[in-house]
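Peer 1: this one's sequence-less:
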């Protein structure tokens with residue numbers, strides 16, 4: 001349901017699908033897009049990171 005990692009010190013990340021009302025929260029960027037399935041087509045202009053947001057520079061959507 002959630003995870004904590006050393007490289008996100010002081011943070012706990014929650015999976016949107018585990019929230020009671022995930023529509024209340026809007027994403028700010030996409031991560032691990034280098035692992036994106038070929039049939040997934042993201043149709044927004046949010047920044048994209050090939051890996052984690054902290055480890056890779058963002059590219060435009």
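Peer 2: Sure thing, it's come through. Predicted, not measured: the structure shown is a model, and the values here were computed from it. Residues are numbered from 1 along each chain as shown.
Peer 1: confirm residue 17 sits in a helix?
Peer 2: Yes. Using DSSP: H, G, I helix; E, B strand; the rest coil, the assignment for residue 17 is a helix.
Peer 1: report pLDDT for it.
Peer 2: pLDDT recorded at residue 17 is 87.
Peer 1: poorly predicted segments of this structure, please.
Peer 2: Along the chain, no part satisfies pLDDT under 70.
Peer 1: strands along that one, start to end?
Peer 2: For the chain, strands defined by DSSP state E occupy the ranges 2-3, 13-14.
Peer 1: highest average neighbour count across those?
Peer 2: With neighbours defined as mean count of other C-beta atoms under 10 Å, the strands of the chain peak in mean count at strand 13-14, which reaches a mean of 10. Bear in mind the C-beta positions are built from the backbone N, C-alpha and C, glycine included.
Peer 1: end-to-end on stretch 43-56?
Peer 2: 21 Å (C-alpha to C-alpha, to the nearest Å).
Peer 1: cool, stretch 26-35 as well?
Peer 2: One end of stretch 26-35 to the other measures 21 Å (C-alpha to C-alpha).
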